[in-house]
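> okay, sequence plus prediction incoming.
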Protein chains: 2
Amino acid sequence: MRTLIIVSHPTLSDSHAQQFLRESLPDEGVRWHHLEHDYPDGQIDKDREQALLADYDRIIFQFPLYWYSSPPLLKQWQDEVLTDGFAYGKHGSQLKGKEFGLVMTTGVNEREYQAGGREGFTISELTRPFQAIARKCEMVYLPSLLIARFDYLSDADRKELLIRYRQYLTMSANPSLLNQEEWFKLELETLGKFQQTDETKATIDLLIEQMGNNRDHLDDLLFTLEELGEW
Amino acid sequence: MRTLIIVSHPTLSDSHAQQFLRESLPDEGVRWHHLEHDYPDGQIDKDREQALLADYDRIIFQFPLYWYSSPPLLKQWQDEVLTDGFAYGKHGSQLKGKEFGLVMTTGVNEREYQAGGREGFTISELTRPFQAIARKCEMVYLPSLLIARFDYLSDADRKELLIRYRQYLTMSANPSLLNQEEWFKLELETLGKFQQTDETKATIDLLIEQMGNNRDHLDDLLFTLEELGEW
């Protein structure tokens, strides 16, 4: 799984959420591509962008939800990069089968995005244009990751967000139980390497061992079920 | 009714539809404000824009539907002009009660905007972000005017479009029969002044006379109905 994160934020260095996400990136398989940094004069290099897209399996648009949509440079990117003949057209889409997801930050509480809430519409309603892009470009649309009121998150919530974000970037969509378990095992092993205290390292090793035991137990159960089926 | 048309189109002079709409404008009460023309360097004058908005009763966003949304400069305009304290916030919205509508051009046939159609979503679904803006800014959202495949329209269809567009700009929303009739009468009188041939002028005069007769007939019927009610 190779993932391209197309970040659009006019004042990225002021955003604690974006800084946090950037520091949460896995070491491998992920590319952070900040449009306002790479194109400060707004002259987008279409050929470079199309080559980049071709190189990745999962495309993420990551942006603050300003007026229920993306910042202007990401809209310009859409209009200039997703051209007829590349992203759609009579010969189909060169993005066909790639995964496409949105990571959005907002200063508004998530529950306000519903009928009767302060924003009145759901995130699924407001992001229809992006769903339509995925459809036109024959991409697989992923459930969005909304990060609401980052500055007010507790440390525990931020840790959970870190895991959810890393999953969003690299875990296969609609994962089976086995996939999720494998993903966590890899994550835990990586964490284990970098942990400072022996105690934490020991805890992580125990968790990995426990997951292995659970897996053996599940395999036993599945075997028993198969046997019963043969009766 | 004073109407501000905020036009966004990166290459306006290439668009036959936009040229047609521009030439269709009524002489009075309407202001054509083309963002890419007024701000070629993308430096939007927020104070000027907010003063402009305050001056008009109906605000129209007019743009080609690129990737199911507006061109980037109109998005930038939203983000920079519709600020907290002006367009929303604890003291309410200075746009409260103004009407807000979209005039969109598209190269795709209108019937493709539905479930099962080539675009998969309706225009009402795709324009949710604009509906949410109207809601947040306490504006009255008008039904949109979609202009599909302008270059393929027949002369008759273009004439109908001209009327629909002028109505969209200046006629009161949800008009009564009487309002519609009055609007047409004014339009016909204006047209009558500018027509070249005596024959056309005579036809228009006849239409106006006929509408007057119809009005008298309607008034008689209403009077009779009232009499019956008193029985």
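Cool, the structure landed. Numbering: from 1, shown residues only, chains lettered A, B, ... in the order given.

> what comes into contact with stretch A:140-156?
The contact list for stretch A:140-156, computed with C-beta atoms under 8 Å, 6 or more residues apart in numbering or on different chains, reads A:16-17, A:20-21, A:58, A:65, A:97-110, A:113, A:123-124, A:127, A:130-131, A:134-135, A:161, A:164-165, A:168, A:173. Yep, even glycine has a C-beta here, placed from its N, CA and C like the rest.

> buried subset of these, written for PyMOL?
Typed into PyMOL, the next command selects the buried ones out of these (criterion: 16 or more other C-beta atoms under 10 Å in any protein chain shown):
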select buried, chain A and resi 17+20+21+58+65+98+99+100+101+102+103+104+105+106+113+123+127+130+131+134+135+161+165+168
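
> the contacts of stretch A:140-156 also near chain B: which ones?
A:131, A:135 (C-beta under 8 Å from any C-beta of the partner chain).

> in strands only, show me the contacts of stretch A:140-156.
A:58, A:99-106 (DSSP state E).

> could I get the residues you listed as CSV with pLDDT and distance to residue A:204?
Below are the ones in strands among the contacts of stretch A:140-156 laid out as CSV (pLDDT from 0 to 100; distance: C-beta to C-beta, whole Å):
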residue, pLDDT, distance to residue A:204
A:58, 98, 27
A:99, 97, 29
A:100, 98, 33
A:101, 98, 28
A:102, 98, 32
A:103, 98, 27
A:104, 98, 31
A:105, 98, 30
A:106, 98, 33
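
> so residue A:122 sits against residue A:116, correct?
No: Residue A:122 lies out of contact with residue A:116 (C-beta atoms under 8 Å); the separation is 11.2 Å.

> looking at those two, which one has more neighbours?
For residue A:122 versus residue A:116, neighbours defined as other C-beta atoms under 10 Å in any protein chain shown are more numerous around residue A:122 (13 against 6).

> quick one: that one and chain B, what's the gap?
9 Å (C-beta to the nearest C-beta, to the nearest Å).

> list the contacts of that residue.
Counting by C-beta under 8 Å, 6+ apart, residue A:122 makes contact with A:113-115.

> out of those, which comes closest to chain B?
residue A:113 (9.4 Å; C-beta to the nearest C-beta).

> which residues does the closest one contact?
When contacts are counted by C-beta under 8 Å, 6+ apart, residue A:113 touches A:119, A:121-123, A:126, A:146.

> hang on, residue A:6 in a strand?
Yes: counting by DSSP: H, G, I helix; E, B strand; the rest coil, one finds residue A:6 located in a strand.

> quick one: contacts for it?
Counted by C-beta under 8 Å, 6+ apart, residue A:6 has contacts A:33, A:35, A:59-62, A:74, A:77.

> any idea what it is bridged to?
residue A:33, residue A:61 (DSSP bridges).

> re earlier: which one among the ones in strands among the contacts of stretch A:140-156 gets closest to residue A:208?
Checking the ones in strands among the contacts of stretch A:140-156 against residue A:208 with C-beta to C-beta, the nearest one is residue A:58 at 26.2 Å.

> quick check: closest non-adjacent residue to the most centrally placed residue in chain A.
For chain A, residue A:168 is the residue whose C-alpha lies nearest the centre (C-alpha atoms, centre = their mean; 3.3 Å). With C-beta to C-beta, 6 or more residues apart in numbering or on different chains as the measure, residue A:145 is the residue that lies nearest to residue A:168, at 4.8 Å, once sequence neighbours are left out.

> from residue A:61, how far off is the one you found?
11 Å (C-beta to C-beta, to the nearest Å).

> okay, buried residues for stretch A:28-36 please.
Quick answer for stretch A:28-36 (16+ other C-beta under 10 Å): A:30, A:32-36.

> same deal with stretch A:84-100?
Taking 16+ other C-beta under 10 Å as the criterion, stretch A:84-100 shows A:86-88, A:93-95, A:98-100 as buried.

> mind saving the C-alpha coords of that stretch as PDB?
Extracted in PDB, the C-alpha atoms of stretch A:84-100 (Å, rounded to 0.1, in the frame of the first residue of the first chain):
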ATOM      1  CA  ASP A  84     -10.100  14.600 -19.700                       C
ATOM      2  CA  GLY A  85      -8.000  11.700 -21.100                       C
ATOM      3  CA  PHE A  86      -6.200  11.300 -17.800                       C
ATOM      4  CA  ALA A  87      -8.800  11.100 -15.000                       C
ATOM      5  CA  TYR A  88     -11.800  10.200 -17.200                       C
ATOM      6  CA  GLY A  89     -12.800  10.100 -20.900                       C
ATOM      7  CA  LYS A  90     -13.400   7.700 -23.700                       C
ATOM      8  CA  HIS A  91     -10.300   5.600 -22.800                       C
ATOM      9  CA  GLY A  92     -11.300   5.300 -19.200                       C
ATOM     10  CA  SER A  93      -9.500   6.700 -16.100                       C
ATOM     11  CA  GLN A  94      -5.800   6.200 -15.400                       C
ATOM     12  CA  LEU A  95      -6.900   6.400 -11.700                       C
ATOM     13  CA  LYS A  96      -9.200   3.400 -12.000                       C
ATOM     14  CA  GLY A  97      -9.200   1.200  -8.900                       C
ATOM     15  CA  LYS A  98      -7.100   3.600  -6.800                       C
ATOM     16  CA  GLU A  99      -8.500   4.400  -3.400                       C
ATOM     17  CA  PHE A 100      -9.600   8.000  -2.600                       C
END
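
> ok, and the closest non-adjacent residue to residue A:92?
residue A:138 (6.8 Å).

> over to that neighbour. Which of the three states is it?
Classification of residue A:138 by three-state DSSP places it in coil.

> and for it, the neighbour number?
16.

> just residue A:223 next, same as before
Residue crowding around residue A:223 was assessed by other C-beta under 10 Å; the count is 10.
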